[in-house]
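Participant: Coordinates for the following, if possible.
(one chain, ligands or ions: 1)
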Amino acid sequence: MMEPFLSRLRPRKEQGTYALSLVYGKTVYHYLISQDKAGKFCIPEGTKFDTLWQLVEYLKLKADGLIYRLKEACPNSSASAEAAAPTLPAHPSTFTQPQRRVDTLNSDGYTPEPARVASPDKQRPMPMDTSVYESPYSDPEELKDKKLFLKRENLLVADIELGCGNFGSVRQGVYRMRKKQIDVAIKVLKHSTEKADKDEMMREAQIMHQLDNPYIVRLIGVCQAEALMLVMEMASGGPLHKFLVGKKEEIPVSNVAELLHQVAMGMKYLEEKNFVHRDLAARNVLLVNRHYAKISDFGLSKALGADDSYYTARSAGKWPLKWYAPECINFRKFSSRSDVWSYGVTMWEAFSYGQKPYKKMKGPEVLDFIKQGKRMECPPECPPEMYSLMSDCWTYKWEDRPDFQTVEQRMRNYYYSLASRAEGSPQCGQVAEVACG
Ligand code: AMP
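Facilitator: This next block holds a predicted model:
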């Protein structure tokens, strides 16, 4: 069987496009990788990804239109690829459907083997291989039925509680769509006559309805029947802090960085859309699996006006003070930069494997502590690069704090550097986990 043995990624003159050359047998195939307006990379008619790295990793597992899935990179390809995309790991090789075929080296006209999918038990699961990476409405047929209010007859509410929050319980269920059925989590409003509770839940639904990102729990819709119900895509792995408790030995730091990088990608998306989350914390990061996290709980979130960079709350409420930046508590001002502060606390929770932040302190004491210029210490397992980033997230003045674009980039650089190191030294257990799962 012939297999591709060489691939090369290089930037093209047209800004934002890349060419992938793939040798299969004696033939060289060229593929075009383009970037759409939202900055996503794809090969023609292929799956879209936020980063070149994700696209490359995906194409290593699935051909997705290539003549064959990617195997090995040219020895000299990393340099050119890294120049083009400095944060790529050491052996990128990427691309899409054959744009044109050139340099035919063989004369016998062999028929290539069909593309194969890598054996799932040998590879760790990738977010894009799950059913919740893309919206269930990304299928145009399903999109025809997309409405905020869902028909009760298409919803099965199981008597299985996934968790509970301020509103009531979250139950497991199934939602029937035009062509498929999907597992869902259903937030059921407890029997309450309070109109204010219903309004609040509807506000959460309205916010979620406007969001569509792989690293954010999507709203499928709302169902008004025996109770008001918020139907969301399922993230069955539970909240991040609970997952990490007691797992220092089992879950390497690289896995924690991977999940936090995904949270940063989700938050960068929110920042770009001018939404503030206002309740980012490890308890509100839900896992689809050990390698895939999604941001949830938009109960406090706000959409900012086109010309606004912050939201001012009319009065203080039941707020998660330990996660809040000083300007939130002092001036009730919320922005993406105050979400960055909360992201720093979330990082601390994750790298301390689910410990409670500011241990014995009460919320108001935390503000004094911060004002004195003190910050939480570096958790024992936390790499210095990650402590440095979380410390920057805790910059007192919001104007001087990094934004999510910067945070995401720094998380990505760090996580990819672990991946490249792992490729260089596969025997290095903890880091090799990134590459080999
Ligand atoms: P919340 O009311 O949003 O804080 O949710 C309370 C709990 O319900 C969470 O901590 C999860 O355990 C569970 N839960 C909420 N949303 C989902 C979801 N989309 N998928 C799975 N479980 C969820």
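
Participant: Tell me the residues of this protein that contact the ligand?
Facilitator: Counting by Cβ under 6 Å from any ligand atom, the chain comes close to the ligand at 162-165, 167, 170, 185, 187, 217, 232, 234-236, 238-239, 286, 296-297. Quick note: C-beta positions are derived from backbone N, CA and C, even for glycine.

Participant: Okay, and which of these map to helices?
Facilitator: If you go by DSSP state H, those have nothing in helices.

Participant: Mind checking which of those residues are in strands?
Facilitator: Assigned to strands by DSSP state E, the following of these qualify: Leu162, Gly163, Cys164, Val170, Ala185, Lys187, Met232, Gly238, Pro239, Leu286.

Participant: for the fourth one, what are its contacts?
Facilitator: Shown here is Val170, whose contacts under the criterion Cβ atoms under 8 Å, 6 or more residues apart in numbering are Glu161, Leu162, Gly163, Cys164, Ala185, Ile186, Lys187, Val188.

Participant: How about Tyr396?
Facilitator: Pro326, Ile370, Gly373.

Participant: Quick one: residues contacting the residue of the chain found nearest the ligand.
Facilitator: Using Cβ to the nearest ligand atom, Gly165 is the residue of the chain that sits closest to the ligand, at 2.0 Å. When contacts are counted by Cβ under 8 Å, 6+ apart, Gly165 is found next to Lys187, Asp297, Gly299.

Participant: Of the ones in strands among the residues of the chain next to the ligand, which is the most crowded?
Facilitator: With neighbours set by other Cβ atoms under 10 Å, the maximum within these is found at Lys187, which has 27 neighbours.

Participant: Please name the residues that touch it.
Facilitator: Neighbours of Lys187 in contact, by Cβ under 8 Å, 6+ apart: Gly165, Phe167, Gly168, Ser169, Val170, Met201, Met229, Leu230, Met232.

Participant: 6 Å - rerun?
Facilitator: Val170, Leu230 (Cβ atoms under 6 Å, 6 or more residues apart in numbering).

Participant: hang on, Ile295 packs against Ile216?
Facilitator: Yes. With contact defined as Cβ atoms under 6 Å, Ile295 reaches Ile216; the gap is 5.0 Å.

Participant: shared neighbours, the two?
Facilitator: With Cβ under 6 Å, 6+ apart, Ile295 and Ile216 have common neighbours Gly266.

Participant: between the two, which one's more packed in?
Facilitator: Neighbour comparison, Ile295 and Ile216: the larger count goes to Ile295, with 26 against 22 (by other Cβ under 10 Å).

Participant: Chain neighbours aside, what residue packs nearest to that one?
Facilitator: Gly266 (4.4 Å; Cβ to Cβ, 6 or more residues apart in numbering).

Participant: cool, and Leu219?
Facilitator: Met208 (3.6 Å).

Participant: Which neighbouring elements make contact with the host helix or strand of the one you found?
Facilitator: Per DSSP states H and E, Met208 falls inside helix 195-209. Helices and strands touching helix 195-209, by 3 or more Cβ pairs under 6 Å, 6 or more residues apart in numbering; DSSP states H and E, are strand 219-224, strand 228-233.

Participant: Redo those strands as TSV? Include mean pLDDT and distance to Glu249.
Facilitator: Shown next, in TSV, are the helices and strands packed on helix 195-209 (pLDDT from 0 to 100; distance: least, Cβ to Cβ, whole Å):
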stretch	mean pLDDT	distance to Glu249
strand 219-224	97	37
strand 228-233	97	31
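
Participant: among these, which is the most enclosed?
Facilitator: Neighbour counts averaged per stretch over those are highest for strand 228-233, at a mean of 23; criterion: mean count of other Cβ atoms under 10 Å.

Participant: Sheet-wise, list the partners of that strand with their directions.
Facilitator: According to DSSP bridges, strand 228-233 forms sheet pairs with strand 181-189 (antiparallel), strand 219-224 (antiparallel).

Participant: the helices in the stretch 301-437 of the chain, which residues?
Facilitator: Under the criterion DSSP state H, counting those that start in this stretch, the stretch 301-437 of the chain carries helices at the ranges 326-331, 336-351, 363-371, 384-393, 404-424, 429-436.

Participant: which of the ones you listed is buried the deepest?
Facilitator: Highest mean neighbour count of the helices of the stretch 301-437 of the chain: helix 336-351, a mean of 26 (counted as mean count of other Cβ under 10 Å).

Participant: could you dump that one to PDB, C-alpha only?
Facilitator: C-alpha atoms of helix 336-351 as PDB (Å, rounded to 0.1, in the frame of the first residue of the first chain):
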ATOM      1  CA  SER A 336     -13.800  41.600  28.800                       C
ATOM      2  CA  ARG A 337     -10.800  42.800  30.900                       C
ATOM      3  CA  SER A 338     -12.700  41.900  34.100                       C
ATOM      4  CA  ASP A 339     -13.400  38.500  32.500                       C
ATOM      5  CA  VAL A 340      -9.700  38.200  32.100                       C
ATOM      6  CA  TRP A 341      -9.200  38.700  35.800                       C
ATOM      7  CA  SER A 342     -11.700  35.800  36.400                       C
ATOM      8  CA  TYR A 343      -9.800  33.700  33.800                       C
ATOM      9  CA  GLY A 344      -6.700  34.200  36.000                       C
ATOM     10  CA  VAL A 345      -8.600  32.800  39.000                       C
ATOM     11  CA  THR A 346      -9.900  30.000  36.900                       C
ATOM     12  CA  MET A 347      -6.300  29.200  35.800                       C
ATOM     13  CA  TRP A 348      -5.400  29.100  39.500                       C
ATOM     14  CA  GLU A 349      -8.200  26.700  40.300                       C
ATOM     15  CA  ALA A 350      -7.200  24.400  37.500                       C
ATOM     16  CA  PHE A 351      -3.500  24.400  38.200                       C
END
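
Participant: for it, packing partners?
Facilitator: Partner elements for helix 336-351 (3+ Cβ pairs under 6 Å, 6+ apart): helix 253-272, helix 384-393.

Participant: Tell me what angle the shortest one forms with helix 253-272.
Facilitator: I take that to be helix 384-393. Taking axes from the mean of the first three to the mean of the last three Cα atoms, to 10 degrees, one finds helix 384-393 and helix 253-272 inclined to each other by 30 degrees.

Participant: For Lys242, the count of nearby residues, please.
Facilitator: 14.

Participant: mind checking the SS state of it?
Facilitator: Look at Lys242: counting by DSSP: H, G, I helix; E, B strand; the rest coil, its state is helix.

Participant: What is the burial count for the residue lying closest to it once chain neighbours are set aside?
Facilitator: Closest residue to Lys242 apart from its sequence neighbours, by Cβ to Cβ, 6+ apart: Gly354 at 6.6 Å. For Gly354, the neighbour count with other Cβ under 10 Å is 18.
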